[in-house]
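> Here's a sequence, model it:
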Amino acid sequence: MSPNYKSEITPEKEASTRQYLYRQFFVTPPLVSLQEVDLTGKTAIVTGSNVGLGLECARQLLDLKLRKLILAVRSEAKGEKARSELLAGCTLAPSAIEIWNLDLSEYDSITKFAERAQGLDHLDIVVMNAGLYKVEQAFNSSTGFEEDIQVNYISTALLTILLLPILRSKQSGSDPGRLTIVSSDTAGWAKFEERSSDPILSAFKNTFAASAGWNMQERYSTSKLLGQLFLFELSDRLDPSEVIINACNPGFCYGSDLQREGNGTILGFLVRVFTRIIGRTTSVGARSLTAAATTFGQEVHGQYVEDCEIHPMAPLIYQPEGKRIAKQLWEELLDELSFAGNNAAGRARTSNAPTGIDDQDDLARLEQSNNRSTKSVPGPSNRGEIPFSATDTATNDNWDFCLAPTSYDASFDLLNMQGFEANSGTQDIGDLFSTDLTTGPHSSCPQWTDPLAISKDTDRDMVCEPASYSTSQIVDESAAGQTLTLDAWPIFECNPFLDIIPCPTTAPDHLRSLYNALSDQCVSCNANSQEVAKIEPFVYGTRDKLIAIVQRFSDKAQKIHGLLSEKDATGVATQSSFILPPPAVLDSLLSACHRLYELHYPFLSAVAMRTNELLTKGVDPVITSLKLLLMMAAGAMTSAASDNHQIAQGLLEISRVFLNHIVEEDVRLVSNPDLLQCALGFNIVAAWSGDKWQMDASVYQKAMYIEMIRRSGLFEHHSSNIALPLADLTRVWQAWQEQESHNRTAYTWIILDQEMCLFQDSASTLFTSVTNFNTSVPSSDRLWHATSAEQWAHDIGYREGGTVALPPSLDEHVRILHGEKTGIDPSKLTSTTLRLLLCHLQKVVSRVRALIADMTGNGCATRAPHRQTAMVLISVHMDEARDMLRKWHDLASSGHTDADAPAMGANTILYHLISLNTLVNFPDIERIARSNKADLGQKPAHWVEESMGGQRTALHGTAEEMRTQFDGMLAALAPLYPPPSDAVVSRDHEVGHFKVRVYTKTRTRASGNPLPIGLFAHGGGFVLGSLDSEDAFCRLLVEHANTIIVSLGYRHSPEVEAPTHLEDCLAGLSWVLDNAKSFGGDTTKIYTIGDSAGAMLSLAVARKVRTGQAEVPSDSVRGVVALVPAAWHPDNPPKGYEQEYKAHQENATNVPILDATSVRQFFEYSGLAADDRDYMVGYDLDSHKLFPPTYIVTCEFDPLRDDGVVLAKCLENAGIPTRYDHYDGLPHVFWVNPILPETKVFVENLLKGVDWVIKQM
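Here you go, the predicted structure:
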């Protein structure tokens, strides 16, 4: 392979984290279309194709008219399931997709697979997708190699070599065969410490490789690097005019089963979170595989394809050392694979196995290959040698090697025991991580449904940089999630949640009301005469035909709901006849539909509809009848009269039965534009009908209709103009109307889907299913409502024989909104186009909200620095969404006619709702609005945890586990905090072995007046917390109180034990006294402040100083702010207060954040004795009278509650000015959650308390 990688980027830059994130977030590989590639008559093999990338690649190949597809899978049962799924989406016969067994952990399975492939009539494409990611070190029991290396490198190389002769000799037509190996960017991150071994390959065997320092990510990355080195050597030995071989990176994707071994681990959850943040869907990732396997010419031979472009491989490949290693590995690989050949030769002498070795000459050639006798191979550079035996039946003079198919003597199922899926879709699991890894113990998390492989014993540094997200990255939802109905409608009503009960079947009542009203002829509709005049009047003949058609479905609806079995007063079974009101009433119903629906859902024009002609002479009067029935139901629903509303519901129920019958009777109609309009009309009317029966029906069926849309090609690319060199202007107009109707139907589906998802707090299902919206957006309503060809031609500016220009597509408008394209005239944007842009913006915001939800998914998250980086990514994307909303507002502010006013009013409402969603989460608003304050007082823990994303964040486990849990809680809350204010600045300083961070007002020093200084110690049981975790709290104090804050980053346990924390805080106090003047502080007004363990330290520092036990003046500390402090050990309660000291027992379990078990763990890690008077100031009663003024805060559902309560009493008894605030019904440090209403109260009280302490000095 030539070192020219045909890319402007260097290999080193390609391997950088920044470039990786740029590709993940900003680059979306294009989908290969039929215009580019037509695979008619071709055959393909895709390994690992029962799920994930392999399955999606198979689907895309079928979409390119592939004749035959072979799914190479380890589990045939799963393969059959995949085949059924693929066949459901195409017109191929079942025999066109075959399931072949392939287990890459066994040589026998590989060679049998290759033998079977020799029997194919044709083989044109092979995608080597199957792979493995082990979370614990394991070895292949037959070969001795590590499982990752065996499957991802050695076995993949063996299958590649066995299939190459078949690809060369059996391709269809003159095109060369193609083989693509799935690779990964992580190859460029591998340390590959085995490179210095001699031999190299043996270093991966159990004899040498077993090591306590084994790292799953490093091993996976190394296996991919070895694959690239193999490609480097192999490609130069092949003629690209016969077979093209390359590697492809699909990018980091979610949705496959490759990493199932991560189930139940904390890191498994973390990777799932990051997968959803930066990962692509497998359907998007598979685009690169499809492109690598079907597009390009010989220039892609031996190259590395990423995002459908040629990129450089790992930097090592292009270095002299890499070339040396590649050659050495090539020789060692041949030795290993010739071992398989010897097995075959041995059996060939004793059996009739079809090995291709049938005489002594073949055996001699095999032995010659093992002795490294070689022969040159024609190729692009002719620099390699192939020491394989020429034993394959398909060999000829141009092929100098091929391993004989063999059965490897190994019978084991180790990989099954390890939970390995050799046929799972390979994705770039490692693309998330850097190669600098550390280890540490972790507990397991609940299992999740989208696993990525994680080690139980390995933690990682996750390196992310601020970036945006690609438009293809949509939150993946299951079909059940897409069709989930909320328990109450509409969502913004502030009614309390009700227990889930079966939805009442209201349809029979509505049908009875309908038949009664129709028989009594009491249907009416008040309509504006001018509006009615726009509608083509019904004639009685049309009405009669409509009645005849609908009667059939009316009878079916009655049968479904048991109305045919009802009897009249005489006991005779009755059947209601469907009798429509007079034509004038029907006209008014259609007029009402036109007036109130079409403005917001502009897909079906009652004005343009030639009702009588379509129903009496049209191609499909049944579908036309359904359209009319739905429009009448919509019109009747606009009436304020309750009778008309019930009539509308009855018509709607008949329409539902009508629609389902048509689809079930002829499934081919799913691509019929008229039927899709009917489905759209039903969903619109049912979704906003106010009747839960119909509303549920619309939600349940929406997923089915969206799948119909996806397969109908409704959003496929259409020409930007209509060119009809016809003299007949009417025909040109009709062609335009047909195209415009298509466009309007397509985009009205988006509008409805966006509305329903907005009010259900879910991601747009249409944007999930359809990734390209290339159809032109609707033209102006003036053109759509033109009453004649001449009026239309005048308004559009059409000249005879010319072309009719269509508006740009939604994708083009979105690019303009993203700043990727310019040249739009805001005055030409219709209200519908602006509405569609809002749909895109809601999708963006919804996706960010989903990412935030994923960050809080299981109460776990990444460690602090990387959590913050991940949240920066989310914040950046949210800022981009807000910026696009501002752009939208600027566009919408341009001139629009009065006729647009109602539609623009609706747009404005949606704009404000979407803007609000960038600031708050709607379910949180709903919970607060529906909450019962009495219930909150009884069950605050449940309410608080719901407000924190549904988590009960109790801190348990090892120190490392609790740090992970703590960071997870912070990750859940970080997006809820406002951005840092410019009014506060901070600066870090080194103080011995730790740091301090000084917070001052921006204008503090300029004012010339020194300010009081708060010496802040953060909480976290001496184990958790940091300067960063308390940054927002310190900034709030400085911005709103008359103070400077010096935050102490004291050292943590268990790395250090008491009294180190206290000594660090005293050292911080000494530093403040020495440096206060430099930041405008007043050394005569220093107070200590802290929360939880930090409150304990603030009290301990004050005691040390005030009792003269510190190396600073005894009056250096003039006040204390102790928020939920600990003052005693739970095993040694305060004397005389035993009956009041019950919080540890009452809050032992089932409280969020901190329970009694957590407190004991923190004491244990810190090394504190149960009677430590230096830390636990409650025991030193004599010192209490020396304390400065003290402000104490406690919470009811907190094991430390009574520490603060009793301490406040002790200080008051000692005559110390004491201020005390208590919060009933709330847990430990509840104020970390900014959306709780009580947090605002706490902040107000805190500022008053700090001010009180300062004034006492």
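
> got any ranges where the stretch 851-1000 of the chain has weak pLDDT?
The stretch 851-1000 of the chain contains residues with pLDDT under 70 at 854-873, 895-900, 925-954, 972.

> where do the strands sit along it?
Using DSSP state E, counting those that start in this stretch, the strands found in the stretch 851-1000 of the chain span residues 984-991, 994-1001.

> right, and those - which one's nearest Gln217?
Nearest to Gln217, of all the strands of the stretch 851-1000 of the chain, is strand 994-1001, at 30.6 Å by Cβ to Cβ. (Glycine included, C-beta is placed from N, CA and C.)

> Can you list the strands that that closest one pairs with?
strand 984-991 (antiparallel), strand 1044-1049 (antiparallel) (DSSP bridges).

> ok, and for the longest one, which residues are buried?
In other words, strand 984-991. Of all the residues in strand 984-991, those buried under the rule 16 or more other Cβ atoms under 10 Å are Val984, Val985, Ser986, Val991.

> May I see the strands of the stretch 851-1000 of the chain organised as CSV, with distance to Ala1126 added?
Output for the strands of the stretch 851-1000 of the chain, formatted as CSV (distance: least, Cβ to Cβ, whole Å):
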stretch, distance to Ala1126
strand 984-991, 25
strand 994-1001, 21
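
> now the buried residues of strand 984-991 in TSV, with distance to Leu102?
Output for these, formatted as TSV (distance: Cβ to Cβ, whole Å):
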residue	distance to Leu102
Val984	62
Val985	62
Ser986	59
Val991	62
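
> quick one on the thing from earlier: how about JSON lines for the strands paired with strand 994-1001, with distance to Leu1211 added?
JSON lines is the format used below for these (distance: least, Cβ to Cβ, whole Å):
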{"stretch": "strand 984-991", "distance to Leu1211": "30"}
{"stretch": "strand 1044-1049", "distance to Leu1211": "23"}
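
> looking at the ones you listed, which is closest to Asp1115?
The nearest among the strands paired with strand 994-1001, by Cβ to Cβ, is strand 1044-1049 at 18.1 Å.

> neighbouring contacts of that closest one?
994-1001, 1004, 1011-1018, 1026-1027, 1030-1031, 1034, 1037-1038, 1064-1065, 1068, 1072, 1079-1081, 1089 (Cβ atoms under 8 Å, 6 or more residues apart in numbering).

> So which of those residues sit within strands?
Among the contacts of strand 1044-1049, DSSP state E puts 994-1001, 1011-1017, 1081, 1089 in strands.

> Mind giving me the ChimeraX command for buried ones among those?
The buried residues among the ones in strands among the contacts of strand 1044-1049 can be selected in ChimeraX (16+ other Cβ under 10 Å) with this line:
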select :994,995,996,997,998,999,1000,1001,1011,1012,1013,1014,1015,1016,1017,1081,1089
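
> any idea which helix or strand carries the nearest residue to Leu61 once chain neighbours are set aside?
Distances taken as Cβ to Cβ, 6 or more residues apart in numbering place Ala44 nearest to Leu61, at 5.4 Å, with adjacent residues excluded. In the assignment (DSSP states H and E), Ala44 maps to strand 43-47.

> can you tell which of the strands paired with strand 994-1001 is closest to Pro902?
strand 984-991 (46.1 Å).

> what separates the closest one from the chain centre, distance-wise?
Strand 984-991 sits 37 Å away from the centroid of its parent chain (Cα atoms, centre = their mean, to the nearest Å).

> Not counting its own residues, what contacts that strand?
995-1002, 1027, 1031, 1034-1035, 1038-1039, 1064, 1067-1068, 1071, 1075, 1079.

> Val32 and Phe296: what is the separation?
To Phe296, Val32 is 11 Å away according to Cβ to Cβ, to the nearest Å.

> Mind checking which of the two has more residues around it?
The neighbour count for Val32 versus Phe296, taken as other Cβ atoms under 10 Å, is higher for Val32 (24 against 18).

> For that one, grab phi and psi.
phi -70, psi 130 (degrees, to the nearest 10).

> Contact partners for it?
Gln60, Leu64, Arg287, Thr290, Ala291, Thr294, Thr295, Cys308.

> Would you check how far apart the fourth one and Leu102 are?
This means Thr290. 20 Å.

> Out of the strands paired with strand 994-1001, which is closest to Leu916?
In terms of Cβ to Cβ, the element of the strands paired with strand 994-1001 nearest to Leu916 is strand 984-991, at 26.7 Å.

> Send me that closest one as CSV with only the CA atoms.
In CSV, the C-alpha atoms belonging to strand 984-991 read as follows (Å, rounded to 0.1, in the frame of the first residue of the first chain):
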residue,chain,number,x,y,z
VAL,A,984,-17.4,37.6,40.1
VAL,A,985,-13.8,36.7,39.3
SER,A,986,-11.7,33.9,40.8
ARG,A,987,-8.0,33.0,41.1
ASP,A,988,-6.3,29.9,42.3
HIS,A,989,-3.2,29.9,44.6
GLU,A,990,-0.9,27.2,45.8
VAL,A,991,-0.7,26.8,49.6
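
> excluding its backbone neighbours, what's nearest Val127?
Leaving aside its sequence neighbours, Val127 sits nearest to Val46 (Cβ to Cβ, 6+ apart; 4.6 Å).

> Glu36 now?
Thr295 is the one closest to Glu36 (Cβ to Cβ, 6+ apart), at 6.3 Å.

> Over to Lys327?
Glu233 (6.8 Å).

> Tell me which residues touch that neighbour, please.
Here Glu233 is in contact with Ala326, Lys327, Leu329, Trp330, Gly384 (Cβ under 8 Å, 6+ apart).

> which of those sit farthest apart?
Leu329 and Gly384 (12.8 Å).

> Test my guess that Arg1051 contacts Asp1064.
Yes - using Cβ atoms under 8 Å, Arg1051 is in contact with Asp1064, at 5.8 Å.

> which of the two has more neighbours?
Each of Arg1051 and Asp1064 has its neighbours counted (other Cβ under 10 Å); Asp1064 has more, 22 against 15.

> tell me the contacts of that one?
Val991, Gly992, His993, Phe994, Leu1048, Tyr1050, Arg1051.

> I'd like these written out as JSON lines, with distance to Val667 added.
Below are the contacts of Asp1064 laid out as JSON lines (distance: Cβ to Cβ, whole Å):
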{"residue": "Val991", "distance to Val667": "74"}
{"residue": "Gly992", "distance to Val667": "76"}
{"residue": "His993", "distance to Val667": "73"}
{"residue": "Phe994", "distance to Val667": "70"}
{"residue": "Leu1048", "distance to Val667": "70"}
{"residue": "Tyr1050", "distance to Val667": "69"}
{"residue": "Arg1051", "distance to Val667": "69"}
